[in-house]
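Q: generate coordinates for the sequence data below:
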Amino acid sequence: MEDHNIGMAKMSKINETKNKIQHVLDSISTLPTNTQRSLAQYKMQLDSSFNRLTFAGYAMEKWMEEFNMDSAKDNEEKRIEYLKSEKIKISKVKEAMLSSLKTSDSLLKK
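A: Residues are numbered from 1 along each chain as shown. A predicted model of the protein is given here:
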C-alpha cells in the first residue's frame, strides 16, 4: 500500500499541473500565428505531458477500482501471488505519476 499512498498523495498535484498546462496551451493559442509556429514543438511537449498526466491519474483510479484486498482470502498461496502482482502494478502506476509530474514541472519552468 506504500506505493498507493505515495501515488494518492500526488493526485491533487496531477490535477493542478494539468490545469497549469491547459492554461499555457490556452495562452499559446491566443498568440500571433508566427509566435504559435515558433512554439509548436513546446506545444507538442505540453500536449504529450498533459496526456501522460491524464493517463497516470486514470491508471491510479483504475487500479483502486480493481484492487481486491480480500482476493483469495481463503487460499494463502493464491493470495500472496495476487498481492505480489498488484504490488508490481501499483509500483508502475506510482512511477508513471512521478515521472509525468517531473517532466511536466520541467516543461512549465521553460
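Q: any stretches of this structure with poor pLDDT?
A: Along the chain, the model assigns pLDDT under 70 to no residue.
Q: mind checking the longest helix of it?
A: Criterion DSSP state H: the longest helix present in the chain is helix 76-108.
Q: in three-state terms, label the residue lying farthest from the centre of the chain for me.
A: Centroid-distance maximum for the chain: D74 at 34.2 Å, with CA atoms, centre = their mean. For D74, the assignment made with DSSP: H, G, I helix; E, B strand; the rest coil gives coil.
Q: for it, what are phi and psi?
A: Torsion angles at D74 (phi, psi; degrees, to the nearest 10) stand at phi -100, psi 0.
Q: for D47, grab the count of nearby residues.
A: Neighbourhood size, D47 [other CB atoms under 10 Å]: 12. Yep, even glycine has a C-beta here, placed from its N, CA and C like the rest.
Q: how far away from the center of its chain is the longest helix of the chain?
A: How far helix 76-108 lies from its chain's middle: 10 Å, per CA atoms, centre = their mean, to the nearest Å.
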